[in-house]
Each structure stands twice: as C-alpha cells, then as structure tokens.
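Visitor: Could you work out the structure for the sequence below:
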Amino acid sequence: MDKHVTVRVKSGRAMSWPPTDDEHSIAFAYNQAGESYESYADGGADELFAFDGQHAFGDRTIWSILDGKLRALRSSGARSVRILDLGCGPGTWLCRVVMRASELGFTSIQARGIDIAETQVRRASARGRRLAIAGLELAFESGDICAQQPEASLSVDLCLCLYGVLNHIPIDHMPNLLSEVARVTRGDFIATMRAKGSMPTICVDAIEEARWFWHDHRNDLLEAELQNGRHISFGFHLFDADEIRALSAPSFEMTELRGLDLFHGRFAGDRRWNPSSARTSAGFLRELDRLEHLYCRDPEFLDHATHLLFVATPRNVVSRSNTCDTRVSHRTR
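Guide: Numbers count the residues shown, from 1 in each chain. A predicted model of the protein is given here:
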C-alpha cells in the first residue's frame with residue numbers, strides 16, 4: 001500500500017435510532033447480510049466498474065454524474081478534493097470516486113465513509129487497504145449519519161448518500177440531517193432513494209431470497225423472512241418527488257431530480273421463470289435507455305421509478321456565489 005494512504009476504522013457513538021443493534025434494527029440486518037449485501041447491491045468486489053448487474057442502468061447514470069462533477073472540479077484548477085459518503089456500506093462507491101479522482105490528477109484526496117453496520121465498514125476498510133493511490137487519506141467509520149459530522153463547514157466537495165440510505169431515516173429526522181449535510185458541503189450533494197411506486201425490495205439481498213415480505217406504509221416499517229429463516233424488521237420510508245422537494249427546500253437548491261430505472265427493472269429476466277432464449281438484445285436495451293431518458297423527469301412517471309436521483313447545492317453556497325458575482329459585476333462597471 002502506498003505510504004500516503006491512510007485507512008482507519010473506528011466506532012462512532014451509538015445511534016439514537018434504533019437504540020440497540022437488536023434483531024429489529026437496521027444495523028442488525030446489514031451486519032447479518034455480510035458479503036451477500038455487497039453481491040446484491042454492487043455486483044461483488046472483483047469488477048469495481050463493471051456496471052452490469054441488477055442495478056446497471058442506475059449505476060451508470062450515477063457514475064456519469066459523479067465523473068462529470070469530478071471533471072468539472074479538476075477543470076477549475078483544483079488539485080485537492082474532499083468526499084463524504086453517508087451510508088457507505090462496503091465502500092464500493094467511495095472507492096470508485098477516489099480512484100477516478102486520482103486518474104484525473106487530484107494530488108490530495110480526502111475521503112470518509114460512515115455507516116451504521118460495522119460488518120459493512122470492515123469490508124469497506126479491507127477494500128480501501130487494497131488501493132495504492134498517492135495523496136489519499138481514506139477513512140471508513142461506523143456511526144450515526146444523523147449526528148453532527150466532524151467535517152468543517154463548507155469543506156466537502158462531493159457528499160454522497162446512495163441507494164436507499166435516506167429511506168431508513170425517520171422522516172422527522174430528515175430536516176436536521178439535510179441541514180447538517182448543507183453545513184459541511186461546498187459542492188454537490190448527490191443522493192438516491194426508493195420511490196413510492198418502486199418495485200419491492202428487502203434491501204439487504206435480492207428479493208428472491210425472501211420467503212415473504214411486507215411494507216407497512218402507515219408506520220414506515222419493512223418486514224421480511226429470508227429463505228434461511230432469519231427475520232428482519234426495520235424502518236423504511238418510500239418517497240415521492242414532491243416530498244423530496246419540500247424536505248430539501250430549506251437547505252438546498254435542487255439542480256436535478258429524476259427517476260432511475262423506470263423500464264430496465266420491469267423487463268429484467270428472472271431465472272426462475274424466463275428461459276435463456278428470452279434474454280434482451282442490445283437493440284432492445286438501447287431502446288430502454290432511450291425511454292428512460294425520455295420519461296425520467298416526467299411527473300406522471302417520476303414517482304414510479306425504482307429510485308429517485310437528487311442532486312443539489314446548499315443554499316448558503318448559492319447565496320455566497322451570487323453575492324460574489326454581484327460584487328464582481330459592480331467592480332467591472
């Protein structure tokens with residue numbers, strides 16, 4: 001490992017919700033999932049940039065945005081970058097971003113991932129130790145994403161919160177969480193969350209690994225019994241576009257809200273039912289891509305996506321930028 005790389009894992013303070021890592025908590029579910037979660041969510045550890053798994057279209061779309069943000073920052077002359085990943089899981093996305101940052105020529109890369117599940121944090125740490133990137137300071141920590149974060153105000157260039165992490169947050173915690181994200185972020189906040197009209201998920205593994213599952217919308221509770229007999233139960237809130245706009249408005253100026261995977265998931269084959277001869281052709285996949293881009297912002301379709309993609313800039317950053325622009329305009333008259 002390059003001598004400039006620092007990887008550390010430490011335990012943060014206990015989460016205020018749920019109070020313990022018992023069988024009805026989010027942490028318990030993801031700790032028990034272990035390697036299965038990484039295979040389900042990210043396609044395993046071998047091909048970091050394969051983007052050919054169950055969530056391929058969404059992954060490619062998110063990656064295109066992240067790559068664009070890094071390129072824009074580098075083109076502005078920046079040689080340092082700071083990234084925060086809230087709900088980092090096994091570290092896949094944070095490792096992707098720091099590797100790309102290094103390829104683009106950033107010489108100082110500070111990155112921190114935080115997650116409630118210590119098992120996933122340990123997996124992230126193991127992956128991080130395999131990176132050999134000069135100028136990288138990488139930390140994976142277990143802790144509460146709803147707590148005040150140690151980053152200084154306006155210090156984070158990219159803040160990530162991907163693939164359903166926000167669905168686990170009690171809705172009355174969301175304003176404070178978003179306010180804290182806005183405090184530390186000087187660049188972009190990029191998040192995805194499950195939409196109200198999305199297809200079912202059990203979060204920790206593929207849906208076929210469940211004997212049964214049920215989502216209690218009144219109480220925002222997801223319950224499932226897995227094929228191995230294990231029972232999981234934890235908070236899970238499904239969002240619609242209007243709710244995201246309302247929750248984020250006090251802290252963020254939204255630059256993007258679109259649906260991810262309106263069509264690809266609906267046409268995905270199932271090995272328990274579809275023969276191999278029913279596999280989709282390259283032309284059919286291109287047509288699905290076209291439909292995705294055509295309808296991803298359509299209000300009639302948005303809430304039926306698998307995920308909602310949210311990109312925003314903190315209002316305090318926008319205000320500072322506008323003030324600076326005004327001052328420059330006055331000086332150049």
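
Visitor: For the closest residue to residue 165 other than its chain neighbours, give me its contacts.
Guide: Excluding the flanking residues, the one nearest residue 165 by CB to CB, 6 or more residues apart in numbering is residue 87, at 3.0 Å. The C-beta positions use only the backbone N, C-alpha and C, and glycine is treated the same way. With contact set as CB atoms under 8 Å, 6 or more residues apart in numbering, residue 87 has these partners: 114, 115, 116, 145, 161, 162, 165, 166, 168.

Visitor: Next: residue 175.
Guide: 247, 250, 251.

Visitor: Distance-wise, check the closest residue to the last one other than its chain neighbours relative to residue 249.
Guide: Distances taken as CB to CB, 6+ apart put residue 182 closest to residue 251, at 3.9 Å, once the chain neighbours are dropped. Relative to residue 249, residue 182 is positioned 11 Å away (criterion: CB to CB, to the nearest Å).

Visitor: One more: residue 89?
Guide: In terms of CB to CB, residue 89 sits 28 Å off from residue 249.

Visitor: For the longest helix along the chain, buried residues please.
Guide: Of all the elements of type helix in the chain, the one with the most residues (DSSP state H) is helix 56-75. The neighbour-count check on helix 56-75 (16 or more other CB atoms under 10 Å) flags 56, 57, 58, 59, 61, 62, 63, 66, 69, 70, 73, 74 as buried.

Visitor: about what we covered before: between residue 89 and residue 249, which has more neighbouring residues?
Guide: residue 89 (27 against 13; other CB atoms under 10 Å).

Visitor: contacting residues around that one?
Guide: 30, 37, 38, 41, 42, 115, 117, 120, 124, 163.

Visitor: Next: residue 199.
Guide: Contacts of residue 199 by CB under 8 Å, 6+ apart are 265, 266, 306.

Visitor: mind listing which of those are in strands?
Guide: Of the contacts of residue 199, none are assigned to strands by DSSP state E.

Visitor: Show me the one in these that has more neighbours than the rest.
Guide: residue 306 (24 neighbours).

Visitor: still on that earlier bit, mind telling me what element the residue nearest to residue 251 is part of?
Guide: According to DSSP states H and E, residue 182 maps onto helix 174-184.

Visitor: quick one: buried residues of that helix?
Guide: For helix 174-184, using 16+ other CB under 10 Å, the buried residues are 174, 177, 178, 180, 181, 182, 183, 184.

Visitor: Equivalent analysis for stretch 107-124, please.
Guide: 109-124.

Visitor: Equivalent analysis for stretch 130-145, please.
Guide: Buried residues in stretch 130-145, counted by 16+ other CB under 10 Å: 131, 133, 135-145.

Visitor: for stretch 29-40, same thing?
Guide: Applying 16+ other CB under 10 Å to stretch 29-40 flags 29, 30, 31, 32, 33, 34, 37, 38, 39, 40 as buried.

Visitor: Pull the contacting residues for the closest residue to the second one other than its chain neighbours.
Guide: In space, residue 30 comes closest to residue 117 once its chain neighbours are excluded; the distance is 3.6 Å by CB to CB, 6+ apart. The contact partners of residue 117, taken as CB under 8 Å, 6+ apart, are 26, 27, 30, 31, 89, 142.
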